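A.B. asks: sequence plus predicted model, see below.
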Amino acid sequence: MSWKAAYEGNSKFKMPFERIHALRQELYTYNNHLGKEELVAVPLKIPFARTMQNYLNELQHKKTVANAIAGWSFSEYRLGMIHSETHDWMKHYLPIDLRGKVVLDIGAGEGETAMFFLQHGASKVVCIEAEPEAYSYLEINQRKHPKTITAIHSKFEPSHLKIPHDFLKMDIEGYEEAILGIKLENPAVLEVHGLQLCDKFEAQGWRIHTTNRDCAKGYGCVRYAYWKC
């Protein structure tokens, strides 16, 4: 749907239209002229069609997220994470087809990635989470989805890898080093924090993916390590 069709066909878009239109007309800004600050009106040239299309895309994304979380319980913080990180999960957490597979989710948070995996075909997710507040939500989500979620309140232990699974996802904020030296039988993806850790994983045969050019240059960011996928 184009911004124009949306505006003309639905009154709920009129407020954003009017607000953006007002911004197009005039933007108040400070102009330091001859050493004196004065408030002046400056025309604001916004590519309006693109602005409105971006607004519609954002609206659609919010609607998609709202539909996805129906039947789940999350804190406000996690809701924000789901909204902002779903695109990243699509890129990095689906290196294999999960249909009918069991996922071992270490660092499962409140169950947000478990929800994501189930919505992409996983038959079950075994969730391990150490943080008490996050686990309280995870436990609620397990009660809501008892056939597809198993929740374990624990920090990561190598013995967890003996739990039957087809795919491993790990995000434990720097403690992923604990998995180094362990031979994994199944595909896995880890969030890796720190260049030195990346080098260690790469030396053991993990495939490292940098998310952008800054990562490639060595600046701080999250990298992903893949095993057998």
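C.D. replies: Right, received. Where do you want to start? Residues are numbered from 1 along each chain as shown.

A.B. asks: surely Tyr137 is in a strand?
C.D. replies: No - assessed with DSSP: H, G, I helix; E, B strand; the rest coil, Tyr137 is helix; it does not lie in a strand.

A.B. asks: next up, the contacts around it.
C.D. replies: 73-75, 78, 110-111 (C-beta atoms under 8 Å, 6 or more residues apart in numbering). For the C-beta atoms, the positions are set from N, CA and C on the backbone; glycine is no exception.

A.B. asks: narrow these to those that are buried.
C.D. replies: Buried by 16 or more other C-beta atoms under 10 Å: 73-74, 78, 110-111, out of the contacts of Tyr137.

A.B. asks: closest one of the residues you listed to Asn186?
C.D. replies: Gly111 (21.3 Å; C-beta to C-beta).

A.B. asks: how many neighbours does Gly121 have?
C.D. replies: 13 (other C-beta atoms under 10 Å).

A.B. asks: and what of Pro158?
C.D. replies: 10.

A.B. asks: rewinding a little: can you redo the buried ones among the contacts of Tyr137 as TSV with distance to Asp97 and pLDDT?
C.D. replies: Shown next, in TSV, are the buried ones among the contacts of Tyr137 (distance: C-beta to C-beta, whole Å; pLDDT from 0 to 100):
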residue	distance to Asp97	pLDDT
Ser73	28	95
Phe74	26	95
Arg78	26	92
Glu110	26	98
Gly111	22	98
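
A.B. asks: do a quick rundown of the helices in the chain.
C.D. replies: 3-9, 14-25, 48-68, 76-92, 112-119, 132-144, 195-203, 213-217 (DSSP state H).

A.B. asks: before we move on, the earlier item: pull the most distant pair out of the contacts of Tyr137.
C.D. replies: Maximum pairwise distance among the contacts of Tyr137 (C-beta to C-beta): 11.0 Å, between Ser75 and Gly111.

A.B. asks: any idea how far Trp89 is from Pro95?
C.D. replies: Taking C-beta to C-beta, to the nearest Å as the measure, Pro95 falls 11 Å from Trp89.

A.B. asks: one step back: out of the buried ones among the contacts of Tyr137, flag the one nearest to Ser159.
C.D. replies: For the buried ones among the contacts of Tyr137, the nearest to Ser159 is Gly111 (21.9 Å; C-beta to C-beta).

A.B. asks: which residues touch the closest one?
C.D. replies: 72, 74, 127, 137-138, 141-142, 149, 151.

A.B. asks: again, only this time at 6 Å
C.D. replies: Contact analysis of Gly111 by C-beta atoms under 6 Å, 6 or more residues apart in numbering lists 138, 141.

A.B. asks: now swap in the one 5 residues further on and tell me
C.D. replies: Counting by C-beta under 6 Å, 6+ apart, Phe116 touches Trp89.

A.B. asks: before I go, just wanted to say thanks for your time.
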